[in-house]
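Trainee: Fold the following for me, if possible:
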Amino acid sequence: MPRFVSNGPDIPEDLLWKQEEGHVVFFCGAGISYPAVLPSFKGLVEQLYASLGTTRKPIEEEAFAREQYDATLDLLEHRYPGGRLAVRTALAKVLEPNWKKKDATTTHASLLQLATDRKNTIRLVTTNFDRIFHRLMKRSKPPTPCFAAPLLPIPKPTRWHGVVHLHGLLPDRTDEIELNRLVLTSGDFGLAYLTERWAARFVSELFRYYTVCFVGYSINDPVLRYMMDALAVDKMLGEQRPEAYAFGYFEKGKQDQAMLQWKAKGVTPLLYEVPAGSQDHFALHRTLKEWADTYRDGTHGKEMIVTQHASTPPLTSSRLDYAVGRTLWALTDGLAAKHFADLNPVPPLEWLEPLSQDQFGHEDLLRFGVTPKPENDNKLAFSFVRRPSPYTLAPRMSLADIGASASPWDEVMFHLGRWLIRHLNDPKLLLWLAKQGGQLHNHFAGQIQQ
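Mentor: Numbering: from 1, shown residues only. Purely as a prediction, here's the structure:
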């Protein structure tokens with residue numbers, strides 16, 4: 001699994017491939033707006049009380065201490081003079097971004113880039129009320145549709161594209177109807193997910209058709225709890241859905257605990273470390289920026305990764321290594337593999353070690369153009385230079401084997417053969433070929449003869 005920054009989360013290749021194919025929907029929470037100096041749900045409650053010039057009553061303090069921030073605001077709205085309108089008018093002031101802050105909107109721009117498929121179609125969902133995405137999308141041509149709760153689209157690939165504000169969007173100016181539509185309190189969540197269920201239906205349909213990746217949520221986020229509870233109902237009814245991912249953080253020594261907590265939510269965690277007691281999520285924001293830039297640059301972005309790492313010997317052969325993971329991911333692109341073969345100075349022969357280790361499995365088949373069976377084959381293991389071909393009954397393509405092999409090569413294997421030709425004077429290559437069985441593939445023998 002490659003990393004885009006050395007201290008960032010590992011991104012599974014299955015997720016990278018699905019994102020490139022437009023099968024991933026990023027589901028964005030409050031954490032993506034931290035660079036714009038906007039608060040978490042907890043911070044939002046604290047700032048609302050301060051803005052309204054009031055303090056929490058004992059019953060509100062009890063709910064706040066249990067991290068039931070939606071219930072805290074429900075109690076506040078029922079007893080504060082002016083009720084819902086007064087609280088939500090103050091909310092608009094609290095959620096005014098600091099547009100002058102450096103990188104205030106960089107993460108939002110990165111997520112919009114990652115959410116854009118090859119047909120220039122954007123699909124993204126956020127539970128944030130702020131207007132940062134809305135402001136950035138004003139620059140897009142053609143304009144990107146924007147949907148705000150409860151007026152939501154049906155999230156099917158053929159019927160939806162645009163940005164969905166699942167819990168509503170703050171109006172440009174005070175509008176009581178629009179402010180009342182915001183899903184903010186426990187009463188609002190009850191309507192959206194339990195009684196009227198329009199948010200639950202949207203989430204359920206979304207998970208049926210897309211791989212969802214949560215970003216900007218904490219493990220105990222009430223918003224996340226409501227969504228996962230809604231999905232749990234579908235699961236009990238036998239509904240199948242693609243795997244879901246979530247970016248999550250941990251403090252030093254607590255990685256295993258965080259891993260278990262996220263898995264209990266029914267998602268695969270993509271973990272990164274934050275300093276104890278801090279809100280330093282630089283590793284996440286930088287990862288999203290680098291990922292978006294690489295995706296935007298296409299093959300050129302992968303060639304840059306090869307240039308950055310392949311000129312020196314790898315420190316280890318494991319895909320978990322930062323440089324190895326990124327390079328192996330980039331090399332699945334034929335043009336990046338060509339760049340690897342042509343690079344000067346030539347990439348050292350030590351790269352043959354990670355390339356020939358069986359560290360790929362069932363979940364990696366799509367990356368190599370092979371359609372996997374629905375049932376996960378836990379025993380399948382293959383390497384870059386000896387792997388399944390894109391046909392069910394075809395033999396594995398390889399550079400060398402124990403028996404004569406004439407199965408066709410793909411573009412990547414062809415360029416890896418070209419790279420090895422540049423090392424023909426190295427005895428270690430001869431020893432490696434002997435260990436593979438000693439019988440050269442017809443194409444590789446032809447490359448040597450030429």
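Trainee: my hunch is that residue 271 is in a strand, does that hold up?
Mentor: Yes - membership of residue 271 in a strand is supported by DSSP: H, G, I helix; E, B strand; the rest coil.
Trainee: So in terms of bridging, what pairs with it?
Mentor: Beta-bridge pairing for residue 271 (DSSP bridges): residue 248.
Trainee: Against residue 445, how distant is it?
Mentor: Per C-beta to C-beta, to the nearest Å, residue 271 is found 46 Å from residue 445. Using the backbone N, CA and C atoms, a C-beta is placed for each residue, glycine as well.
Trainee: and what of residue 69?
Mentor: From residue 69 across to residue 445, the span is 68 Å (C-beta to C-beta).
Trainee: So which of the two has more stuff around it?
Mentor: residue 69 (24 against 13; other C-beta atoms under 10 Å).
Trainee: contacting residues around the more buried one?
Mentor: Neighbouring residues of residue 69 by C-beta atoms under 8 Å, 6 or more residues apart in numbering: 41-42, 44-45, 63, 222.
Trainee: In JSON lines, list the residues you listed along with distance to residue 186, pLDDT and neighbour count.
Mentor: Converted to JSON lines, the contacts of residue 69 look like this (distance: C-beta to C-beta, whole Å; pLDDT from 0 to 100; neighbours: other C-beta atoms under 10 Å):
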{"residue": "41", "distance to residue 186": "12", "pLDDT": "92", "neighbour count": "22"}
{"residue": "42", "distance to residue 186": "15", "pLDDT": "93", "neighbour count": "17"}
{"residue": "44", "distance to residue 186": "14", "pLDDT": "95", "neighbour count": "19"}
{"residue": "45", "distance to residue 186": "12", "pLDDT": "95", "neighbour count": "21"}
{"residue": "63", "distance to residue 186": "9", "pLDDT": "95", "neighbour count": "21"}
{"residue": "222", "distance to residue 186": "8", "pLDDT": "81", "neighbour count": "19"}
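Trainee: Out of the residues you listed, the closest to residue 310 would be?
Mentor: residue 41 (44.1 Å; C-beta to C-beta).
Trainee: Touching, the closest one and residue 224? I think so.
Mentor: No - with contact defined as C-beta atoms under 8 Å, residue 41 does not count as touching residue 224 (10.1 Å).
Trainee: Now residue 87: which helix or strand?
Mentor: Following DSSP states H and E, one finds residue 87 within helix 83-94.
Trainee: Average pLDDT for that helix, rounded please.
Mentor: Mean pLDDT, helix 83-94: 92.
Trainee: next one: stretch 315-331
Mentor: 88.
Trainee: Show the end-to-end separation of it, please.
Mentor: Chord length of stretch 315-331, first to last residue, is 18 Å (C-alpha to C-alpha, to the nearest Å).
Trainee: Then stretch 88-106?
Mentor: This stretch, stretch 88-106, spans 27 Å end to end (C-alpha to C-alpha).
Trainee: Counting neighbours, what do you get for residue 29?
Mentor: 21.
Trainee: swap in residue 196?
Mentor: 12.
Trainee: how close does it sit to residue 150?
Mentor: For residue 196, the distance to residue 150 - C-beta to C-beta - is 8 Å.
Trainee: the helices in the stretch 251-400 of the chain, which residues?
Mentor: Counting by DSSP state H, counting those that start in this stretch, the stretch 251-400 of the chain has helices at residues 255-264, 282-297, 299-309, 322-331, 334-342, 352-356.
Trainee: Over to the stretch 51-200 of the chain?
Mentor: Taking DSSP H, counting those that start in this stretch, the helices of the stretch 51-200 of the chain run over residues 58-65, 69-79, 83-94, 106-114, 132-137, 176-180, 186-190, 198-209.
Trainee: Spatially nearest residue to residue 84 (excluding sequence neighbours)?
Mentor: In this structure, residue 84 finds its nearest non-sequential neighbour in residue 77, 5.1 Å apart by C-beta to C-beta, 6 or more residues apart in numbering.
Trainee: wait, doesn't the one you found sit right on residue 185?
Mentor: Yes - contact criterion C-beta under 8 Å: residue 77 and residue 185 qualify, at 6.0 Å.
Trainee: Look at the two and report which has more neighbours.
Mentor: Between residue 77 and residue 185, counting by other C-beta under 10 Å, residue 185 is the more crowded of the two (22 against 19).
Trainee: Would you confirm that that one contacts residue 78?
Mentor: No - look at residue 185 against residue 78 with C-beta under 8 Å: they stay out of range, at 9.0 Å.
Trainee: sorry, back to before: please identify the deepest-packed of the helices of the stretch 251-400 of the chain.
Mentor: helix 322-331 (a mean of 23; mean count of other C-beta atoms under 10 Å).
Trainee: Could you check how far that one is from the centre of its chain?
Mentor: Here the centre of helix 322-331 is set off from its chain's centre by 17 Å, with C-alpha atoms, centre = their mean, to the nearest Å.
Trainee: what packs against that helix?
Mentor: helix 299-309, helix 334-342, helix 352-356 (3 or more C-beta pairs under 8 Å, 6 or more residues apart in numbering; DSSP states H and E).
Trainee: For the residue lying closest to residue 222 once chain neighbours are set aside, the count of nearby residues, please.
Mentor: Spatially, and ignoring its direct neighbours in sequence, residue 222 is nearest to residue 70 (5.1 Å; C-beta to C-beta, 6+ apart). Here the number of neighbours of residue 70 (other C-beta under 10 Å) works out to 22.
Trainee: And residue 343, by the same measure?
Mentor: 16.
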